[in-house]
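>>> Predicted coordinates and the sequence they were generated for:
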Amino acid sequence: MADITSLEDAISGLIRDGDTVAMEGFTHLIPFAAGHQVIRSGKKGLTAIRLTPDLIYDQLIGMNCVGKLIFSWGGNPGVGSLHRFRDAVQQGWPAPLKIEEHSHADLANAYVAGASGLPFAVLRGYAGCDLPKVNPVIKKITCPFTGEELSAVPSLRPDVTVIHAQQADRQGNIMIWGITGVQKEAVLAAKRVIVTVEEVIDEFDARANAVLLPHWVIDAVCLEPGGSYPSYAMGYYERENDFYKSWDSISRDREVFKAWMRRHVLNTNNFFEFTRSVSAAKNKEDLHG
Amino acid sequence: MADITSLEDAISGLIRDGDTVAMEGFTHLIPFAAGHQVIRSGKKGLTAIRLTPDLIYDQLIGMNCVGKLIFSWGGNPGVGSLHRFRDAVQQGWPAPLKIEEHSHADLANAYVAGASGLPFAVLRGYAGCDLPKVNPVIKKITCPFTGEELSAVPSLRPDVTVIHAQQADRQGNIMIWGITGVQKEAVLAAKRVIVTVEEVIDEFDARANAVLLPHWVIDAVCLEPGGSYPSYAMGYYERENDFYKSWDSISRDREVFKAWMRRHVLNTNNFFEFTRSVSAAKNKEDLHG
Amino acid sequence: MAEGGWSSDEMMTVAAARMLKNGAVCFVGIGLPSAAANLARATHAPDVVLIYESGTIGAKPYVLPLSIGDGELAETADIVVSTPEIFRYWLQGGRVDIGFLGAAQLDRFCNLNTTVIGDYAGPKVRLPGAGGAPEIATSAGEVLVVLRQSQRTFVDELSFVTSAGHGSGGNWRAETGLPGMGPTAVITDIGILRPDAESRELILTEIHPGFTVADAKKSTGWPLQVAEFCVETLPPSAAELTSLRELNKRSAHAHVGY
Amino acid sequence: MAEGGWSSDEMMTVAAARMLKNGAVCFVGIGLPSAAANLARATHAPDVVLIYESGTIGAKPYVLPLSIGDGELAETADIVVSTPEIFRYWLQGGRVDIGFLGAAQLDRFCNLNTTVIGDYAGPKVRLPGAGGAPEIATSAGEVLVVLRQSQRTFVDELSFVTSAGHGSGGNWRAETGLPGMGPTAVITDIGILRPDAESRELILTEIHPGFTVADAKKSTGWPLQVAEFCVETLPPSAAELTSLRELNKRSAHAHVGY
């Protein structure tokens, strides 16, 4: 049953060090506010799952919150590499990062299996691909009817799934629309669920392609307007492409990264202060630029 | 690519004797018009798939169109038994009917597997249930990760799926809303697809819970207003509960059934004439009753 | 106790309704279970979440649905999902607290038959079949069964097991690895039966006013055991009866011809 | 031929766009494939159906998306489905005619690497990884690959096979039971390569104006074979160039800062 609560309380109450945590959102509705709160609260040793670990996971990795990453594509979309992710994999900084690497189709199926209460998923995948050589959890399974050999992958059952949604109602039911990615499955596969939302409203005006999730599959709903910045929330604000580009230079150098995180994330109390801090810095640079 | 065509042409062109045909619709949007056209065109030896074979399948079975039935619940919803189905199973009239019996969860998963291009589906089902003793296609499969024993069932890949939808646009894209059952999966699992629709419109006003299917997964779209009568089409007309009740007495006796089918289905040219014929008979009985 | 008495069917539905806790997520079969669940929603359990296998989650019908897919279920639901999703994400996914089933027959371990009477290949009576029941019986947190009690329905041996209750009894469910607890109560027109904690055999634990233990035994196809403290069911309250009768009246009015 | 010439990247994109038949259902990777597919849609193939792995089917973006999940893809799509559905029902379900991929590296059998350069456990360069590519390579009816040709990208041996092309060559795909035909063409800034009908080794079959076969060989990390009739690519038409430049201009304008 969903409590409508503060993000601080939700993260400290529902995520424990060492938990397996999925923070999903496919380009759209990436839960940045929640990710920052994980960093602020100093969570350690998380196994972090995400199809597309991008900036928020780069930050979590660089701030040493993550011990293991389960993923299928790690990059800065439209820009290039994730330097903190690369540094962790290539140089073990700030600490060695275990990786368990899949394809999108595999992880999407693994969430479906998790949501379906099944221990594994079956897909026609990985033929001729080297990933099964380096990821022992990818196995083979034989169709009992045709004899075809397919891939079997273990289901994903995160301890906690965190997503950002456009709206909640006052009971804590939530609604997302636009590109909805794997969020429904990631929520239904999880033991505990935190949802940050743009807005709490009296009643939904359910629209085409809306995904609705009832309050009784959610543990905490936290009002965080703008909480997926710099990604976007359809109907609320657009993606700040500049931020993604600027991240390339912020994240390239360890010290620049640490200073930036200290200034904007650790030295702010919440996501509203973070966005104010980033925006103030940008204006200052603009003035001096 | 969808042709917008007559139901007569669609049925005669796309369904062949002996085909495996799924006519789906979960209480809502049952494709009665298409079922009648199958009867009128004298199709024989069909393997008919449907989670809930109800009146339309009772008619198809009683008119000897069906050689084998794959199903999970055969009844007259809210009324009782299907007498033609029972007569075929218990007495072999008009011909012995092979049955392959499943549960809803199994068939729903089997359509999902078919739509997903997989040869089988996995579910946690049938524990302690006698169906696997009488249905050899239900097998066991062992999870390669946990060792749990689960059920494996072959995917459904109908030669033809037939559904009734509320709307098509002029390109032959279709939209259904309300209870959508297994229709999306049944369409995507099929080799050929026929969709009858209430209305052809210029542009969809896509609504919450709408299932949209693009014209390039559909072979024929046929305008058949009222084509799911006596079931219902949300936004168009309600279920005629009286018809379901009256079917109990019409179908109970072989000769009454045959006379009714001859009068209202075989002796009419299309579904519009059928509904006029049924309605005229009802008014006459009312007058004399 | 209500003035003017009540029917045994009314007692059965009221007793079944009482079993549902407010807020429980309940996967509802059509007919008696649906009537009981909607009575619960109209009385002590306004926040019970009703799921029908047509994919309607949180349905709040004003009248009892005639079929599992009535339009009103969709119109009043919080969410409508596909049939595959309801069975995969919601039932098998472990989101259902209570499965509420009817049956044509049951045995002492509360295994249910809705498939055939007689031989499967040459049946005496061909029943509708499994529908959603086998997997509701597997995966719901617990199962409630509601049906009228008689020698014809409470049988010594089932022709066919459609949906497993406690299998062969004892720890069968745990040994078979089933996630749900299985049947925890059977509510009939005569009384309420519950599985024994060890043997899992159904024991008469409540008897409805107006019936005797002898009535229950006479209506059971095996030697029915009776709990040491078999209590009399609290009769329907005036409020319960009023709600039930209003619900039935509304439904009869809506489904003219039925 | 257009006035004032064109860049080799423009030639590559135009040549790639020409490969798409009108009405084809095309699963599009971001970057070069997306540019080519949208150019096709703006020129000879207005009815090409573009699918992005974010779940957008029939996306008709006015500007090139920066990411696979740009809002405009959802706003202009015929349907938006979940990520599981796009991979399960549409790609694995056999609904995709053409998979349009980029890569960091390929080998002579058109196997693709987007995972690591160097050793997997201690990589020289860690690349983004597989994303949707392995299953696009498996299940799409055929695969087109577009990337710039050099000794760094066309390598004799891949550090890592992320997505299978023709595996070890010959009948590898058929023997492995893969449903799709695999790569049918590689479009580069220098020319076009196609797999040999028997060996499935990539053969240079077209060379873009301004380049020589020697340029292609010099930019290939294995001894590149050349088709008996290696033709010169038709240069970009004025209409193609205009469309491409307008598309790029619109996109640059929309994505200020990029």
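Nice, I can see it.

>>> what about the residue in the stretch 151-289 of chain A that chain D sits nearest to, helix or strand, and which?
Going by C-beta to the nearest C-beta, chain D is nearest to residue A:242 of the stretch 151-289 of chain A, at 4.2 Å. All C-beta atoms are positioned from the backbone trio N, CA, C, and that covers glycine. Using DSSP states H and E, residue A:242 sits in helix A:241-252.

>>> And that helix, what does it pack against?
Here helix A:241-252 touches helix A:55-62, helix A:83-91, helix A:254-261, going by 3 or more C-beta pairs under 8 Å, 6 or more residues apart in numbering or on different chains; DSSP states H and E.

>>> Switch the ones you listed over to a markdown table; also include distance to chain C, mean neighbour count and mean pLDDT.
Below are the helices and strands packed on helix A:241-252 laid out as a markdown table (distance: least, C-beta to the nearest C-beta, whole Å; neighbours: other C-beta atoms under 10 Å in any protein chain shown; pLDDT from 0 to 100):
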| stretch | distance to chain C | mean neighbour count | mean pLDDT |
| --- | --- | --- | --- |
| helix A:55-62 | 26 | 25 | 97 |
| helix A:83-91 | 31 | 22 | 95 |
| helix A:254-261 | 37 | 15 | 98 |
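
>>> got TSV for those helices, with distance to residue D:153 too?
Formatted as TSV, the helices and strands packed on helix A:241-252 follow (distance: least, C-beta to C-beta, whole Å):
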stretch	distance to residue D:153
helix A:55-62	26
helix A:83-91	19
helix A:254-261	30
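
>>> In space, what's closest to residue C:42 - neighbours in sequence excluded?
Nearest residue to residue C:42, sequence neighbours excluded (C-beta to C-beta, 6 or more residues apart in numbering or on different chains): residue C:243, at 4.6 Å.

>>> hang on, the earlier thing: now the residue of the stretch 151-289 of chain A closest to chain D: how far from chain B?
Taking C-beta to the nearest C-beta, to the nearest Å as the criterion, residue A:242 is separated from chain B by 33 Å.

>>> That residue: neighbour count?
14 (other C-beta atoms under 10 Å in any protein chain shown).

>>> ok so, going back, closest to residue D:106 out of the helices and strands packed on helix A:241-252?
Ranking the helices and strands packed on helix A:241-252 by proximity to residue D:106 (C-beta to C-beta) places helix A:83-91 first, at 22.0 Å.

>>> can you give me the strands in chain C?
Using DSSP state E, the strands found in chain C span residues C:25-28, C:49-52, C:56-57, C:79-80, C:98-101, C:105-106, C:112-113, C:116-118, C:123-126, C:142-146, C:183-187, C:191-195, C:202-207, C:225-232.

>>> how about the second one, does it get close to chain A?
Yes - looking at strand C:49-52 against chain A by C-beta under 8 Å from any C-beta of the partner chain, the contacts come from residue C:49.

>>> Make sure residue C:104 is actually in contact with residue C:123.
No - the pair residue C:104 / residue C:123 is not scored as a contact, 11.9 Å apart, by C-beta atoms under 8 Å.

>>> and these two? which has more neighbours close in?
residue C:104 (21 against 17).

>>> what about that one, distance to residue C:68?
Distance, residue C:104 to residue C:68, using C-beta to C-beta, to the nearest Å: 17 Å.

>>> and what of residue A:163?
Taken as C-beta to C-beta, the span from residue A:163 to residue C:68 is 31 Å.

>>> closest to chain D out of the strands of chain C?
Closest to chain D of those, according to C-beta to the nearest C-beta: strand C:79-80, at 14.7 Å.

>>> Sheet partners, orientation included, of the closest one?
strand C:56-57 (antiparallel) (DSSP bridges).

>>> Count the residues that sit near residue C:114.
22.

>>> thinking residue C:251 is in contact with residue C:63, fair?
Yes - if you go by C-beta under 8 Å, residue C:251 and residue C:63 touch, sitting 4.2 Å apart.

>>> so what sits against both of the two?
Listed contacts common to residue C:251 and residue C:63 are nil; contacts here mean C-beta atoms under 8 Å, 6 or more residues apart in numbering or on different chains.

>>> so what pLDDT did residue A:35 get?
Note for residue A:35: predicted pLDDT of 98.

>>> For it, which non-adjacent residue is spatially closest?
Excluding the flanking residues, the one nearest residue A:35 by C-beta to C-beta, 6+ apart is residue A:56, at 3.9 Å.

>>> repeat for residue A:278
Excluding the flanking residues, the one nearest residue A:278 by C-beta to C-beta, 6+ apart is residue A:264, at 5.5 Å.

>>> looking at this, the one you found is in a strand?
No - Residue A:264 is assigned helix when assessed by DSSP: H, G, I helix; E, B strand; the rest coil, not a strand.

>>> Tell me how far it lies from residue A:26.
Taken as C-beta to C-beta, the span from residue A:264 to residue A:26 is 25 Å.

>>> what about these two, which has more around it?
Neighbour totals were compared for residue A:264 and residue A:26, and residue A:26 leads with 28 against 19 (other C-beta under 10 Å).

>>> Let me see the contact set for the more buried one.
So, once contact is read as C-beta under 8 Å, 6+ apart, residue A:26 ends up touching A:51, A:52, A:179, A:180, A:181, A:182, A:183, D:54, D:55, D:68, D:69, D:83.

>>> Now for those: which two are most distant?
Greatest spatial distance among those (C-beta to C-beta): A:183 and D:68, at 15.5 Å.

>>> Mind checking which of those two has more residues around it?
Counted by other C-beta under 10 Å, residue A:183 and residue D:68 do not tie: residue A:183 has more neighbours, with 29 against 26.

>>> residues contacting residue A:122?
By C-beta under 8 Å, 6+ apart, the contact set of residue A:122 is A:109, A:141, A:150, A:151, A:152, B:118, B:120, B:122.

>>> List the beta-bridge partners for residue C:231.
Here residue C:231 sits in beta bridges with residue C:206, going by DSSP bridges.

>>> That one and residue C:199: what is the separation?
Applying C-beta to C-beta, the value for residue C:231 to residue C:199 is 21 Å.

>>> For the two, work out which one has more neighbours and name it.
Using other C-beta under 10 Å as the criterion, residue C:231 and residue C:199 rank with residue C:199 on top: 14 against 11.

>>> Can you read off the backbone torsions of that one?
The phi/psi pair for residue C:199 (degrees, to the nearest 10) reads phi -80, psi -20.

>>> likewise the one 10 residues further on?
Its backbone dihedrals place residue C:209 at phi -50, psi 140, with angles given as degrees, to the nearest 10.

>>> The nearest residue to it once chain neighbours are set aside: neighbouring residues, count only.
Counting by C-beta to C-beta, 6+ apart, residue C:235 is the residue found nearest to residue C:209 once chain neighbours are left out, at 5.0 Å. Residues near residue C:235, counting by other C-beta under 10 Å, number 19.

>>> Does residue A:165 touch residue A:200 like I think?
No - between residue A:165 and residue A:200 there is no contact under C-beta under 8 Å: 10.5 Å.

>>> Looking at the two, which one has more neighbours?
Between residue A:165 and residue A:200, counted using other C-beta under 10 Å, residue A:165 has the larger neighbour count: 29 against 16.

>>> what kind of secondary structure is that one in?
Classified using three-state DSSP, residue A:165 is strand.

>>> Identify the bridge partners of it.
With DSSP bridges as the rule, residue A:165 is bridged to residue A:197.

>>> and it, how far is that from chain C?
From residue A:165 to chain C the distance is 14 Å (C-beta to the nearest C-beta).

>>> list the contacts for residue C:219?
Counting by C-beta under 8 Å, 6+ apart, residue C:219 touches C:149, C:150, C:151, C:154, C:188, C:190.
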